[in-house]
Structure formats: C-alpha cells, structure tokens
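*Asks:* sequence and predicted structure are below.
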Amino acid sequence: MRKLSILCGLLLPLLFSCREAYIPPNSSTAGSYLVVEGVINAGGDSTTIKLSKTVSLTSKTTVNPVAGATVMVENNQNGTTWALAGDGHGNYAAAALNLSAAAQYRLSIVTSDGAYVSDFVPVTATPPIDSVGYRIESDGVHLYVSTHDPSNNARLYRWDFQETWIFHSEYDSGYIADTVNDMIVQRTAGQSIYYCFGTDASSDILMASTKHLSKSAIYQQPLTTIPFTSEKVENKYSILVKQYALTDDAYTYYENLRKNTEQLGTIFSTLPTELIGNIHSTTNNSVPAVGYVSATNVQTKRIFIPNDVLPAVLVNYPYTCEVDTATIYEVANTFFYPPFNAVPIDRVPKGYVYSTIPCVDCTVRGTTKTPSFWK
C-alpha cells in the first residue's frame, strides 16, 4: 500500500445522519511505521534527516527515534551517493552537498526492519528570504516572513523555524550543596545556573501559494506569536527561519498533513484524508511509511529581538516558587540527604535561604552554553 492515513492506517467509522467524535481503536501495529522528516538540501548548507517510528495514540511515549540506520542520498544519473551520519538519536546529517540541478535525487534508508526509498525528485530553486520581521500588538509579538521570486518559477512555499532565547531562573543561587563532602560552598561565576538559553522548533505547518497571483510574492506571512508573558521575550530572542520552494506533489502532501493535524477535534471537523507521501518500502510493499522528501536549496534568515524594543513584559514563571530558611541545625537534613531537591540561594545569620531545583537551576529547561551564532 502506498497510502497511509495520518491515523496510522486505522479505519474511519461510517458516518450517517449524525457525526460523532471519532475515538480510534487500539492498533496492534502502532509504532511500526517509519516516519521520515527533512529535506535534501541541494545548496551550501547541511542536510539533516530525522527518522522515527509512529506510536500508539494511547502511548505515553511521544518520541520514538530510529537509530543505527544507513541513510544515503542517491543521484538518478550516475549512481553517485552521499552518506548521512547518524547521531544515535534518530538524526542523520551530511555537510553541504552542493547538488547539480540537472539531476534528480532520493533518499535510501535501511533500518533493522527493512529498506526504504523515496521517489526521485527534481531540485526546486528556492528564492532568498526578503525579510523576517515582527509587529508589536496588544497580545504579543507577531513574527512574519516576506519573500518573492523575480522569475515567478517558485509558486509554492513552506517555512519552519527554530527559536532561541535567554531566560533566567526564579532565584539566583550563590551557593552549592556539596553532597559528597557535606559542605555548603560558594558558587563560582563558571558554576552559575541563573541564566540559560532555551530552544524550540516550529510545530505548525506553515505554507503559502502564489499560484493565484500575477507575481510570486509573499508579504508578511505569519510565523508565530509570542505573548508578553513568555520567557522568550524577557531578555533577548532570536528566530532562524528556513524557506523551501515546493513542487505540486509536495505542497499537496503538506496541505493534507496540515488538515489532518490541525482541523480535527470537533464533531464538525474535516475527516482525516489519506496521506500519500513519496517514501516506500522495498522489502515489503504492504508496509507504509510516512513522509515526503524534497530536494531544494534551503534559504535561511535569522533576526534578534532584544527586550528593550518591546513594551514592559510580565513573565509568568512556569513553576510555583517559594523560599525557605534552613537553620544551622537543619542544614544536614535539608541539603545532604535525599531527595536532594533543595538548593541554597544565600547565607543569612541563622543559616541558608533555599528553594527547589526548578526554581533555582535554569539548566532544568535549558543550557548555560552560549550558541555559536549568539550576539
């Protein structure tokens, strides 16, 4: 079968005069379908492909990466191949491929469950991003992208993005509880856990078509909105936008995926459509796979938004935080015995002020390592 419902092949109920919310039955094969995400980057940037397996709708596991696979980019003209290296977490990457637009390309994937290939696809030319900008409105910061293709060849577009921002913990800890030597020691600057960098990636399917326009031009296509209560805008925020030109088949695939993932949920929602990708098993043609592999020169643009260009923000910290005091006589029981959830913040005459790890340690949700692109 080359067709796959976004609900992992589960049958839809027959509908008569009344439409009811659809609750799919358990599937014994849930988690067995390969999911391929990514684009063959034909330009001067790296190609990254993510492999995972579908999971049951009732499963507590939401991420099921496929490690140990062999992933290759293949050329349809002379059999040239390029290997993608795995990181052990389902991500496979290769440095800049700089592929010729005269050929077509596909992915070849071999996992412990079998072999898969995508269809050969032409290289689509993605025009540069004109600008990434933002508007300040009453509900937050609205980010958008603008682009155009002077040749009018690119008519169908897709975008995704990666966000990075600085945030801080609720309290700044000046001390460390050394549970090995049962001592409270002063924290050095290099041991600070107050400021961290957070990251996130787009989850919505962002697309636009200019086929109905006389020119291929997109003006201020919405990307995302950040409320003023978000930690993302409390200090400095950055967004890296990636732009892809799509073929008709790729656009249809992502449009169906968007409908299936965004328009379900009420009794009046559109029913799921069959999701036809371009990835197929070569070892068992009855085993479906999810995904559509395109080849294009991905265009990117990054911007930074410092807090001082925004109105006053009142950030909602994600945890309920309080401080308490451990007297000299309570230090051992508070800091040196399980569950080790207390972090000393400051010293006071009678002992130490402390709070819980999520309220003091920003590395619970981020990293203290500054990204290479940060400025």
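*Replies:* Done, it's in.
*Asks:* how about the longest strand seen in the chain: buried residues?
*Replies:* Counting residues, the longest strand found in the chain (DSSP state E) is strand 156-168. Residues of strand 156-168 classed as buried by neighbour count (16 or more other Cβ atoms under 10 Å): 156, 157, 158, 159, 160, 161, 163, 164, 165, 166, 167, 168. (Each C-beta comes from the backbone N, C-alpha and C, glycine too.)
*Asks:* of the residues you listed, which is the nearest to residue 90?
*Replies:* residue 160 (17.4 Å; Cβ to Cβ).
*Asks:* test my guess that that closest one contacts residue 203.
*Replies:* No - counting by Cβ atoms under 8 Å, residue 160 does not reach residue 203; the two are 9.1 Å apart.
*Asks:* please report phi then psi for residue 107.
*Replies:* Main-chain torsions, residue 107, degrees, to the nearest 10: phi -100, psi 140.
*Asks:* with residue 364 instead?
*Replies:* According to degrees, to the nearest 10, residue 364 has phi -60, psi -30.
*Asks:* quick one: secondary structure of the residue nearest to it when sequence neighbours are not counted?
*Replies:* Once flanking residues are discounted, residue 364 sits nearest to residue 358: 5.3 Å by Cβ to Cβ, 6 or more residues apart in numbering. Of the three states, residue 358 takes helix under DSSP: H, G, I helix; E, B strand; the rest coil.
*Asks:* I'd say residue 358 and residue 342 touch.
*Replies:* No - look at residue 358 against residue 342 with Cβ under 8 Å: they stay out of range, at 11.8 Å.
*Asks:* counting neighbours, go ahead and name the busier of these two.
*Replies:* Neighbours were counted for residue 358 and for residue 342 using other Cβ atoms under 10 Å; residue 342 has more, 21 against 18.
*Asks:* contacting residues around the more buried one?
*Replies:* 177, 326, 334, 335, 354, 355, 356 (Cβ atoms under 8 Å, 6 or more residues apart in numbering).
*Asks:* please tell me how far it sits from residue 185.
*Replies:* For residue 342, the distance to residue 185 equals 15 Å [Cβ to Cβ, to the nearest Å].
*Asks:* equivalent analysis for residue 78, please.
*Replies:* Distance from residue 78 to residue 185, by Cβ to Cβ: 63 Å.
*Asks:* cool, residue 217 as well?
*Replies:* 60 Å.
*Asks:* next: residue 375.
*Replies:* From residue 375 to residue 185 the distance is 34 Å (Cβ to Cβ).
*Asks:* ok, the two, which is more surrounded?
*Replies:* residue 185 (12 against 8).
*Asks:* residue 187 contacts residue 175, doesn't it?
*Replies:* Yes - using Cβ under 8 Å, residue 187 is in contact with residue 175, at 5.7 Å.
*Asks:* please identify which of these two sits among more neighbours.
*Replies:* residue 175 (20 against 17).
*Asks:* was I right about the more buried one contacting residue 348?
*Replies:* No - Residue 175 lies out of contact with residue 348 (Cβ under 8 Å); the separation is 11.3 Å.
*Asks:* longest helix in this structure, by number of residues?
*Replies:* helix 248-262 (DSSP state H).
*Asks:* contacts for the helix or strand hosting residue 37?
*Replies:* Using DSSP states H and E, residue 37 maps to strand 34-38. Residues outside strand 34-38 that contact it (Cβ under 8 Å, 6+ apart) are 47-54, 66, 107, 109, 111, 113, 116, 118, 277, 279, 281, 289-291, 293.
*Asks:* tell me the secondary structure for residue 311?
*Replies:* coil.
*Asks:* what sits against it?
*Replies:* 136, 228.
*Asks:* returning to what we had before: what do residue 160 and residue 203 both touch?
*Replies:* Common neighbours of residue 160 and residue 203 (Cβ under 8 Å, 6+ apart) do not exist.
*Asks:* just the buried ones from the contacts of strand 34-38?
*Replies:* Buried by 16+ other Cβ under 10 Å: 47, 49-54, 66, 107, 109, 111, 113, 116, 118, 277, 279, 281, 289-291, 293, out of those.
*Asks:* just give the nearest non-adjacent residue to residue 230, would you?
*Replies:* residue 315 (6.9 Å).
*Asks:* the one you found and residue 232 touch, don't they?
*Replies:* No - with contact defined as Cβ under 8 Å, residue 315 does not count as touching residue 232 (9.1 Å).
*Asks:* can you pick out the residue with more neighbours from those two?
*Replies:* Using other Cβ under 10 Å as the criterion, residue 315 and residue 232 rank with residue 232 on top: 26 against 16.
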